[in-house]
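> I would like to see how this sequence folds:
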Amino acid sequence: MRAATIRDGQIVVADHPDPQPGAGEVLVAVRAAGLNAADLLQKAGFYPAPPGSPADIPGLELAGEVVALGPGATRFAIDDQVMAVVGGGGQAELAVVHERLLLPVPDGMPWEEAGGFPEAYTTAHDALFTQCQLAAGEQLLVHGAAGGVGTAGVQLGVATGARVTATVRDPARRGDVAGLGATVVPPDEFGAAGEFDVVLELVGGPNMTTNLESLAIGGRIAVIGVGAGAAAEIPLHVLMGKRGRIHGSTLRTRPLEGKAAAARAVEKHVLPLVAAGTIRVPIAATFPLADAAAAYERFAAGGKFGKIVITM
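Numbering: from 1, shown residues only. Predicted structure coming up:
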């Protein structure tokens with residue numbers, strides 16, 4: 001099979017042996033695979049794949065068709081259309097996935113949207129609802145809202161009946177995010193828009209002081225991205241006075257049980273919204289596997305609305 005491959009800090013397309021499914025696993029012929037910030041970090045040598053995932057083939061999410069079943073795999077059948085968050089190896093023509101991590105692709109969902117759905121929407125749903133218990137009527141703040149997880153967070157917040165405020169750095173993308181149902185503000189003006197019950201932090205350390213100052217009593221902050229910096233000075237007296245909570249989260253390194261639980265939550269609560277047309281996956285650009293290096297360049301350039309997806 002061919003796959004996007006990390007070689008000396010660069011992305012090339014190379015041949016690899018076809019993977020074989022083990023117990024409880026299925027082999028997926030990948031049709032589309034989303035690109036995420038973690039892939040750029042892995043390419044740069046800062047975010048190695050967890051044990052059991054290919055060390056040199058990036059890709060945290062994929063969508064495709066089941067082409068083979070490992071021993072004991074019974075949840076899906078050959079030719080079923082599926083998508084999943086994976087530990088790595090998604091940007092390849094073939095990938096092995098444990099059946100408990102797979103989600104069915106809703107009828108009519110284009111492959112590029114299915115390939116860009118699992119990581120962004122699982123990450124956002126887990127942070128907003130499993131960790132922060134976002135409820136209807138609460139005020140949600142989404143930082144970095146033009147990207148994949150940001151657009152997911154905005155849409156999930158709107159769908160649950162929250163009042164959503166979003167920060168977007170690029171003025172050209174603010175109208176796109178507003179079209180998802182959010183009130184959009186520049187990143188340096190969000191403090192005046194609180195008080196926020198939940199903050200989805202995708203930018204990092206520079207926001208944390210103002211996040212706390214604009215937090216409602218009993219508010220919750222979920223930190224799932226630190227692209228602008230991982231260090232922050234936390235005014236603990238403000239956190240105490242707000243009776244606030246700060247959560248941190250990643251999906252990639254969770255054990256199978258944790259990832260499967262997150263997948264089942266998305267299957268139950270989010271896939272019906274996709275099927276109803278309430279939730280969609282904005283696609284900024286698609287690239288064929290042969291142009292995987294260009295996909296990485298486009299992602300790194302910023303200024304996108306939604307997902308960059310590699311198609312097979």
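> Going by residue numbers, what spans are helices in the stretch 201-312 of the chain?
With DSSP state H, counting those that start in this stretch applied, the stretch 201-312 of the chain shows helices at 208-213, 236-242, 256-269, 271-275, 292-301, listed in chain order.
> which of these sits most buried?
Mean neighbour count, computed with mean count of other CB atoms under 10 Å, is highest for helix 208-213 among these, reaching a mean of 19. For every residue, glycine as well, the C-beta is placed using N, CA and C.
> Now do the contacts for residue 116.
Residues in contact with residue 116 (CB atoms under 8 Å, 6 or more residues apart in numbering) are 32, 34, 61, 148, 281, 283, 306-309.
> residue ranges with poor pLDDT in the stretch 51-200 of the chain?
Along the stretch 51-200 of the chain, no part satisfies pLDDT under 70.
> Helices of that one, start to end?
Using DSSP H, counting those that start in this stretch, helices in the stretch 51-200 of the chain cover 111-116, 118-125, 148-159, 171-178.
> can you tell me which of those helices comes nearest to residue 199?
Closest to residue 199 of the helices of the stretch 51-200 of the chain is helix 148-159 (CB to CB; 10.3 Å).
> Packing partners of the closest one?
Applying 3 or more CB pairs under 8 Å, 6 or more residues apart in numbering; DSSP states H and E, we find helix 148-159 packed against helix 118-125, strand 139-142, strand 163-167, helix 171-178, strand 196-201.
> That one versus helix 292-301: what angle between them?
60 degrees (axes from the mean of the first three to the mean of the last three CA atoms, to 10 degrees).
> Quickly note the distance from residue 229 to residue 94.
As judged by CB to CB, to the nearest Å, residue 229 and residue 94 stand 38 Å apart.
> More neighbours: these two, which one.
With neighbours defined as other CB atoms under 10 Å, residue 229 and residue 94 compare such that residue 94 has more, 22 against 12.
> Could you check how far that one is from residue 189?
For residue 94 relative to residue 189 (CB to CB), the value is 47 Å.
> Figure out which of the helices of the stretch 51-200 of the chain is closest to residue 249.
helix 118-125 (7.7 Å).
> What lies in contact with stretch 204-216?
Taking CB under 8 Å, 6+ apart as the rule, stretch 204-216 contacts 139, 141, 143, 187, 190-197, 199, 201, 221, 223, 225-235, 238-239, 242, 244.
> Also stretch 246-261?
38, 50, 60, 85, 87-88, 98, 100-101, 119, 122-123, 126-127, 131-132, 220-224, 234, 239, 262.
> could you flag which of the residues you listed are buried?
Buried members of the contacts of stretch 246-261, counted by 16 or more other CB atoms under 10 Å: 38, 60, 85, 87-88, 98, 100-101, 119, 122-123, 126-127, 131-132, 220-224, 239, 262.
> For the most centrally placed residue in the chain, list the residues it contacts.
Nearest to the mean C-alpha position of the chain, counting by CA atoms, centre = their mean, stands residue 120 at 2.1 Å. Counting by CB under 8 Å, 6+ apart, residue 120 makes contact with 34, 36, 61, 148-149, 151-152, 281, 307.
> cool, residue 105 as well?
Residue 105 neighbours (CB under 8 Å, 6+ apart): 63, 81-83, 114.
> one step back: just name the closest of the contacts of residue 120 to residue 290, please.
residue 34 (17.4 Å).
> Who does that closest one form a beta bridge with?
Residue 34 has these beta-bridge partners by DSSP bridges: residue 309.
> Let me know the pLDDT of it.
Looking at residue 34, its pLDDT is 98.
> Likewise for residue 302?
92.
> in terms of contact, does it touch residue 170 like I think?
Yes - with contacts counted by CB atoms under 8 Å, residue 302 reaches residue 170, the gap being 7.3 Å.
> which residues do these two both contact?
Shared contacts of residue 302 and residue 170 (CB under 8 Å, 6+ apart): none.
> what residues are up against residue 54?
3, 16, 88-89, 92.
> correction: residue 173
146, 303-305.
> Distance of it relative to residue 137?
Residue 173 is 27 Å from residue 137, by CB to CB.
> Please apply the same query to residue 265.
Separation of residue 265 from residue 137 (CB to CB): 21 Å.
> rewinding a little: distance to residue 46 and neighbour count added to the contacts of residue 105, as TSV?
Formatted as TSV, the contacts of residue 105 follow (distance: CB to CB, whole Å; neighbours: other CB atoms under 10 Å):
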residue	distance to residue 46	neighbour count
63	26	31
81	33	19
82	30	22
83	26	35
114	28	26
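> Among these, which lie within strands?
63, 81-83 (DSSP state E).
> now, among these, which is nearest to residue 183?
Nearest member of the ones in strands among the contacts of residue 105 to residue 183, counting by CB to CB, is residue 83, at 30.8 Å.
> how about the nearest residue to that closest one, chain neighbours excluded?
Of all residues not flanking residue 83 in the chain, residue 63 sits nearest, at 3.8 Å (CB to CB, 6 or more residues apart in numbering).
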